[in-house]
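Next one to model:
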Amino acid sequence: MGIVAEDIARVRDATDFVQVASERMALRKSGASQWTGLCPFHAENTGSFSINAEKKLFYCFGCQAKGDVISFVRETEHVDFVTAVEKLAARANIVLRYDNEAAGRDRQRRDVLIEAMERAVDWYHDRLLSSPDAGPARSYLRNRGYVRETVERFRIGWAPDDWDALSKALALPEKVLTDTGLGFVNRRNRQQDSFRARVMFPVFDTAGKPVAFGGRVMPGGDGPKYKNSPETPIYSKRRVLYGLNWAKEDAVTSGEVVVCEGYTDVIAFFAAGAPRAVATCGTAVTEEHLRVLRTFAPRIVLAYDADAAGQAAADRFYEWERELNLQLAVLDLPDGSDPADLARRDPAALLASLAGARPFLDFRVERALAAADLSTMEGRAKAAELALGMIAEHPSDLVRDQYLGKVAARVEIPAEQLARSIRATGARPVVRPIVVNRPAALSDGPETEALRVAIHRPEDVAGMLHDRLFRDPAHRDAYLVLEHGQPLHDAIDAASPDAADLLTRLAVEDSAADAVDVMAGLVRVWTDRQLARLNASMATGADHAEVAPLANWLGNQRELLSDSQDPADRRVAVEALVAWLAQQVEGGGAVTT
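Below you'll find the predicted structure:
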């Protein structure tokens with residue numbers, strides 16, 4: 001792994017798991033140390049995901065995802081173990097030590113690339129603010145309504161119209177220049193900048209580290225409107241969304257995130273008062289993008305022409321809604337407007353459009369009906385045919401039926417006739433999502449409850465437990481690793497897969513049960529098995545004089561375990577029976593497990 005084990009433990013202990021998770025998903029408190037929410041690792045309607053803030057562990061009762069805060073960061077940010085620990089260490093101001101050179105080199109490489117990107121962000125930004133050659137860029141931004149506060153908030157910059165201004169200023173090694181995508185080595189073996197004469201929009205990962213750039217050409221300039229950084233060791237277009245580092249907080253609060261086409265559209269939503277917009281970086285929205293966004297909000301609003309790709313887009317959107325349990329909506333903007341234009345003219349209109357965003361199918365059907373001539377029978381028939389084609393693409397018959405009624409009212413054709421028309425075209429079968437909800441509770445059997453108390457309050461069960469009290473192998477293995485007295489995280493690492501799963505599951509649930517009550521219940525079950533064995537042996541010819549005293553003693557102790565007995569007497573009985581059990585095991589005596 002590369003990082004000294006002691007430092008990993010320090011990072012885990014110093015990290016506020018709930019705070020980390022809350023940056024990626026909505027959580028609510030459900031116990032003294034327990035927080036719950038919708039699982040970021042599978043689609044669900046009812047929160048099955050639990051975090052124990054004290055023990056720094058999570059478990060999903062729906063998909064069985066589990067682990068600690070390091071695992072959570074690895075899975076939600078798609079990074080390796082070392083990177084996850086380093087991110088958390090930086091939050092906690094912990095300096096890590098490394099126990100092998102390879103891991104140290106990987107860390108140093110990423111640090112070097114991020115540092116180079118930070119320097120580039122600052123250099124481009126300062127150039128925009130103060131350089132004479134950036135005057136036209138400043139005028140362009142002012143004309144678009146970008147005040148200095150906006151420029152500074154989003155760290156917008158300017159790449160001068162020069163071949164190697166950045167390369168000379170930063171004096172980066174060739175490998176760093178190319179690995180960051182900031183430049184390349186030309187055929188004359190000279191360093192050359194990747195971006196020239198462009199307004200620069202830095203792209204940050206969710207932790208706020210710069211990983212890429214998008215450069216917009218000035219009006220009338222050469223080249224494509226936008227030029228984006230290539231894939232690099234620190235940047236993946238499939239995973240990173242522009243603005244998510246700023247938008248995630250409001251996305252969690254509002255329950256929705258807006259996906260735009262461009263950087264300026266994102267800034268427009270922030271300026272209008274909806275700071276929950278992001279943009280893909282020169283690519284179409286992908287399932288991986290949506291999986292990232294789903295960890296922050298269940299509703300995704302598309303702020304671009306989502307209907308342009310026709311049925312191919314519809315197939316993807318409906319599949320994403322089903323598989324990821326998302327609500328996909330579309331922003332209905334005035335014709336010829338994009339979010340940036342509308343925000344500049346009328347910010348309130350942009351917010352109203354966002355509030356009125358409609359489900360994808362509703363958006364498409366309304367667009368088709370609005371464009372039709374419904375004053376003639378021919379126009380209504382044509383509109384009905386177009387709308388029916390869209391409705392038929394939806395996988396749910398219930399949804400299709402509702403839209404048939406809506407269209408029928410608009411085109412003045414009976415819904416039954418429209419339904420027959422859809423059936424004649426061969427509508428697709430219904431596909432309903434499989435939603436896994438959390439069970440009401442774990443089994444509260446004596447073995448499970450005893451382990452739960454042992455995890456949360458080990459001092460309360462001292463002297464009242466023994467591994468032979470557990471018949472289930474996973475429960476016994478779980479207790480054995482706990483018995484060694486090592487930290488819970490180390491015990492989980494050392495346990496068998498089934499025992500590790502059980503320990504993590506129980507660790508995320510608070511236990512308010514009385515320790516003596518729980519242990520008395522567990523020992524009572526075990527004692528009943530011992531009495532049954534002794535009675536069976538006497539029935540088959542064993543020496544009564546030898547067996548009866550033990551059976552009588554066990555019977556008397558069994559009576560003291562009753563719920564009606566004084567708690568102090570019950571505890572004495574539990575401790576006496578466990579001590580006898582330990583003595584028998586050490587002496588090789590016969591006990592039933």
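
Any buried residues in the helix or strand hosting residue 577, and which?
Element membership of residue 577 [criterion: DSSP states H and E] is helix 567-587. Burial within helix 567-587, assessed by neighbour count using 16 or more other CB atoms under 10 Å, is assigned to 570, 571, 573, 574, 575, 577, 578, 580, 581. Where you see a C-beta, it was placed from the backbone N, CA and C, and this is true even at glycine.

now do stretch 184-195
In stretch 184-195, counting by 16+ other CB under 10 Å, buried: 191, 192, 193, 194, 195.

again, but for stretch 46-54
47, 48, 49, 50, 51, 52, 53.

hmm, back to that, want to throw the buried residues of stretch 184-195 into CSV with pLDDT and distance to residue 562?
Formatted as CSV, the buried residues of stretch 184-195 follow (pLDDT from 0 to 100; distance: CB to CB, whole Å):
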residue, pLDDT, distance to residue 562
191, 94, 84
192, 94, 86
193, 94, 83
194, 94, 79
195, 95, 80
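
Residue 369 is in contact with residue 410, isn't it?
Yes: using CB atoms under 8 Å, residue 369 is in contact with residue 410, at 5.4 Å.

picking up where we left off before, which one of the buried residues of stretch 184-195 is nearest to residue 505?
Checking the buried residues of stretch 184-195 against residue 505 by CB to CB gives residue 194 as the nearest, at 49.6 Å.

Look up phi and psi at that closest one.
phi -80, psi -30 (degrees, to the nearest 10).

How about it, nearest residue that isn't a chain neighbour?
Leaving aside its sequence neighbours, residue 194 sits nearest to residue 183 (CB to CB, 6 or more residues apart in numbering; 5.2 Å).

Count the residues that sit near that neighbour.
Using other CB atoms under 10 Å, residue 183 has 22 other residues around it.

rewinding a little: other SSEs contacting the helix holding residue 577?
With contacts defined as 3 or more CB pairs under 8 Å, 6 or more residues apart in numbering; DSSP states H and E, helix 567-587 has these neighbours: helix 515-539, helix 544-560.

follow-up on the earlier one: which neighbours do residue 369 and residue 410 share?
residue 383 (CB atoms under 8 Å, 6 or more residues apart in numbering).

ok, back up a step: from the helices and strands packed on helix 567-587, pick the one with the highest average neighbour count.
Among those, helix 515-539 has the highest mean neighbour count (mean count of other CB atoms under 10 Å), at a mean of 19.

sorry, back to before: need the contact partners of the helix holding residue 577.
For helix 567-587, contacts defined as CB under 8 Å, 6+ apart pick out 463-466, 468-469, 514, 516-517, 519-520, 523, 526-527, 554, 557, 560-562, 565, 589-591.

and the residue nearest to residue 72 when sequence neighbours are not counted, what pLDDT?
Computed as CB to CB, 6+ apart, the closest residue to residue 72 that is not its neighbour in sequence is residue 58, at 5.8 Å. Residue 58 is assigned 93 on the pLDDT scale.

my guess is residue 58 is in a helix, correct?
No: per DSSP: H, G, I helix; E, B strand; the rest coil, residue 58 lies outside any helix segment and is strand.

and it, how many neighbours?
Neighbours of residue 58 under the rule other CB under 10 Å: 27.

I'd assumed residue 70 was in contact with it.
No: between residue 58 and residue 70 there is no contact under CB under 8 Å: 10.8 Å.

now the helices for the stretch 301-450 of the chain?
When assigned using DSSP state H, counting those that start in this stretch, the helices of the stretch 301-450 of the chain occupy the ranges 311-324, 339-345, 347-355, 360-371, 377-392, 397-411, 415-425, 446-456.

Give me the average confidence score over the first one.
Okay, so that is helix 311-324. 67.

Now find how far off-centre the helix or strand residue 184 falls within is within its chain.
If you go by DSSP H and E, residue 184 is part of strand 183-185. Relative to its parent chain, strand 183-185 has a centroid offset of 36 Å by CA atoms, centre = their mean, to the nearest Å.

Tell me the helices and strands packed up against it.
If you count contacts as 3+ CB pairs under 8 Å, 6+ apart, strand 183-185 packs onto helix 174-179, strand 191-193.

So what touches that strand?
With contact meaning CB under 8 Å, 6+ apart, strand 183-185 is reached by 164, 166, 167, 172, 174, 177, 178, 191, 192, 193, 194.

Neighbours of the fourth one, how many?
Residue neighbour count, defined by other CB under 10 Å, stands at 22 for residue 172.

Then residue 85?
Around residue 85 there are 26 residues (other CB under 10 Å).

what residues are up against it?
3, 7, 8, 11, 70, 96.

thought the first one was touching residue 98?
Just to be clear, that refers to residue 3. Yes: in this structure residue 3 lies within contact range of residue 98 using CB under 8 Å: 5.8 Å.

Look at the two and report which has more neighbours.
More crowded of residue 3 and residue 98, by other CB under 10 Å: residue 3, with 21 against 18.

Switch the helices and strands packed on strand 183-185 over to JSON lines; also include distance to residue 155.
Converted to JSON lines, the helices and strands packed on strand 183-185 look like this (distance: least, CB to CB, whole Å):
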{"stretch": "helix 174-179", "distance to residue 155": "20"}
{"stretch": "strand 191-193", "distance to residue 155": "18"}
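
closest to residue 476 out of the ones you listed?
Judging these by CB to CB, what sits closest to residue 476 is helix 174-179, at 51.3 Å.

if we look at that closest one, which residues are touching it?
112, 113, 116, 167, 183, 184, 185, 191, 232, 233.

Check the residue of the chain most remote from its centre and give its pLDDT.
Largest separation from the mean C-alpha position in the chain: residue 545, at 65.7 Å (CA atoms, centre = their mean). pLDDT, residue 545: 76.

cool, residue 265 as well?
pLDDT, residue 265: 92.

Show me what secondary structure element comes after the helix or strand containing it.
For residue 265, the host element (DSSP H and E) is helix 263-272. Using DSSP H and E, the helix or strand that follows helix 263-272 in sequence is strand 277-279.

so for the helix or strand that that next one is followed by, what's the average pLDDT?
Proceeding N to C from strand 277-279, the next assigned helix or strand is helix 287-294, under DSSP H and E. The average pLDDT within helix 287-294 is 85.
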